[in-house]
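In: Curious how this folds, go ahead:
(one chain, ligands or ions: 2)
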Amino acid sequence: MTRIIYILVFFLVILHDNGKAQNSVQPNVLFIAIDDLNDWIEPLRGNNQTITPNLNKFCDKGAVIFNNAVCPAPVCGPSRSAILSGFMPNKTGVYGNGTNMIYTDLVKENATLPEYFSINGYHTLADGKIFHKHATEHGTDFGHWAFDEFSRSRRYVKDNADPNYVTSAKQGIIKGEKSPEFKAKAKLSWGPTKSNFEETVDYRVAKWASDQLKKERDKPFFMGVGFIKPHLPWFVPSEFFDKFDLETIEVPEIYNNDLQDILKPNGQLAFHPTEEYKWIKKHGLEKEATRAYLANVNYVDTCLGIVLNALEESGKAENTIVVIWGDHGWHLGEKLRYLKNTLWSEAVKPPFIVRLPKMDEKVYCPAPVNLIDMFPTLINLCGLPSKEIDGHDFSMLLDNPRHNWDYPGITISESGTSVLTERWHYIQYLNGIEEFYDLKNDPKEWNNLVSIKSYRETILEFKKWIPKYRVKAKRIHFPKPKNYVDADADPALKRDISKLK
Ligand SMILES: [Ca+2]
Ligand SMILES: [Ca+2]
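Out: Ligands and ions are numbered 1, 2, ... in the order given. Below you'll find the predicted structure:
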């Protein structure tokens, strides 16, 4: 009898607790993605010329800056697919931008992050790039299906580069001058726009978000704000370029022999300088490229400021969790390349900043959390039921940034896996090539230690984290639809969220 009473009391307590969770005010989530942003922001000190006053102000007021966070994959689509589905690339088979997660078995059955918030009583809304955009048989899949409300600022705005100043490798133009000499199969292009600030995409996304923040709702919200700069092309209004003096710009330090210690089994070099790197070098455009990226970072910080100020003015800041994340990093010459999609630190370490309403100081957390950890962490912080996904709840690190954290940061690409801790970085490619770096003594990863015997046992510990299997990628290519027709007719996009796990 006593036992039955105990059990009854136990269930009453549980019922009481659950009732409390539902009745207490759940926090809003402001989920801000910045495309292709590396550590060139003032809080991460990746480049001392960078100007990001709004990020600074935000961090100074109170935030945790994760200075060793990693992305689940080092390129847009796979990184965002993992973050938003909760499943690592080796489980879904999404390793490249050519694979749409909507057609994978796991995503067919499971709610994505915004859908999970929607199922659990939140109003979800977004503008800009949250999911990666894919062409489908029926039109464009913007990831719009995942939100209760989706705005399309991206659709109506063109980059509008000023032809007198544009630089483009593909078109063979440097500072407005066209020549076959200048042409290269390199993806870089930059220059000031003819549009003014208010006509640019990210400004419109920021304006949309600030308007939405003014609205009163009877439900808590999950709001996605997806900025697309500093993604290429680096076209932003001239006022952002003008803040950086080209003459005095310092370019990143490059070690010319950096690739010499990464060898194939036959002794040949595994990596070579890329077309982008060679093009920049050939035409002496290092300073121009550096300035263009800095200008784009300053531009996106300005747009971010509009949203963060609107949040303060709305009075909702005291009940809103803010996460600001980049989908992966970016090389600007390091390892003799530009762009992303490598397993080196430049590409696998994006900025990641979290503010809980109660925070009132700027702190750094060195734990190598993974952006995929946002899914379990946010649902925990908002009192949503737990879900079977990859990733680990890091909410204890928000209370104590030095709390134990047992996981290395794992990044999976088409070509291999990166396993990163605060101290060490191990990389293993599918072709068997390996790298190992001591980040304390060699933060630029210049000296590959993999063949040094004394590290053998440490390396073995890292090898344990390499995924045991990789689901094969299902690539379905469709031609780009005209006029950005929404892919709503695609059966995969008609999701009955009540049936999703
Ligand atoms: Ca990206
Ligand atoms: Ca090296």
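
In: Strands along the stretch 101-250 of the chain, start to end?
Out: 123-128, 134-136, 139-141, 149-151, 167-168, 173-174, 177-178, 189-193, 221-227, 234-237 (DSSP state E, counting those that start in this stretch).

In: And for the residue in the stretch 351-500 of the chain that ligand 2 sits nearest to, the neighbour number?
Out: Closest approach between the stretch 351-500 of the chain and ligand 2, counting by Cβ to the ion: W446, at 4.7 Å. In short, each C-beta sits where N, CA and C put it, glycine included. For W446, the count of nearby residues is 14 (other Cβ atoms under 10 Å).

In: who are the neighbours in contact with it?
Out: Applying Cβ atoms under 8 Å, 6 or more residues apart in numbering to W446 gives the contacts 255, 258.

In: Now the stretch 201-350 of the chain against ligand 1: closest residue?
Out: Taking Cβ to the ion, ligand 1 has its nearest neighbour within the stretch 201-350 of the chain at D327, 4.1 Å off.

In: As CSV, the strands of the stretch 101-250 of the chain with distance to ligand 2 would be great.
Out: Putting these into CSV (distance: least, Cβ to the ion, whole Å) gives the following:
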stretch, distance to ligand 2
strand 123-128, 37
strand 134-136, 36
strand 139-141, 40
strand 149-151, 44
strand 167-168, 29
strand 173-174, 30
strand 177-178, 36
strand 189-193, 28
strand 221-227, 33
strand 234-237, 28
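
In: can I get those strands in CSV with mean pLDDT, mean neighbour count and distance to I372?
Out: CSV is the format used below for those (pLDDT from 0 to 100; neighbours: other Cβ atoms under 10 Å; distance: least, Cβ to Cβ, whole Å):
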stretch, mean pLDDT, mean neighbour count, distance to I372
strand 123-128, 98, 24, 19
strand 134-136, 90, 20, 20
strand 139-141, 89, 22, 21
strand 149-151, 96, 17, 23
strand 167-168, 98, 22, 35
strand 173-174, 98, 20, 40
strand 177-178, 97, 13, 44
strand 189-193, 97, 22, 31
strand 221-227, 98, 26, 16
strand 234-237, 97, 26, 28
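
In: Leaving aside the residues adjacent along the chain, what's closest to the residue of the stretch 201-350 of the chain closest to ligand 1?
Out: Counting by Cβ to Cβ, 6 or more residues apart in numbering, D327 lies nearest to S79, which is 4.5 Å off, once chain neighbours are set aside.

In: Then that neighbour would be within a helix, right?
Out: Yes: assessed by DSSP: H, G, I helix; E, B strand; the rest coil, S79 belongs to a helix.

In: Near it, how many residues? Count them for me, please.
Out: A count of nearby residues for S79, using other Cβ under 10 Å, gives 32.

In: for the residue nearest in space to the middle of the chain, what are its contacts?
Out: Centroid-nearest residue in the chain: D327, 1.3 Å away (criterion: Cα atoms, centre = their mean). Each residue near D327 by Cβ under 8 Å, 6+ apart is listed here: 33-36, 71, 76, 79-80, 83, 350, 371.

In: go with 7 Å
Out: Applying Cβ atoms under 7 Å, 6 or more residues apart in numbering to D327 gives the contacts 33, 35, 71, 76, 79-80, 350.

In: just E435 next, same as before
Out: Shown in contact with E435 (Cβ under 7 Å, 6+ apart): 262, 427, 448, 450.

In: I'd guessed D159 sits against V236; true?
Out: No: assessed by Cβ atoms under 7 Å, D159 is found out of contact with V236, at 8.9 Å.

In: Tell me the residues that contact both of these two, please.
Out: Common neighbours of D159 and V236 (Cβ under 7 Å, 6+ apart) are T193.

In: Would you confirm that K129 contacts K229?
Out: No: K129 lies out of contact with K229 (Cβ under 7 Å); the separation is 10.2 Å.

In: Overlap of the contact sets of these two?
Out: With Cβ under 7 Å, 6+ apart as the test, K129 and K229 both reach D35.
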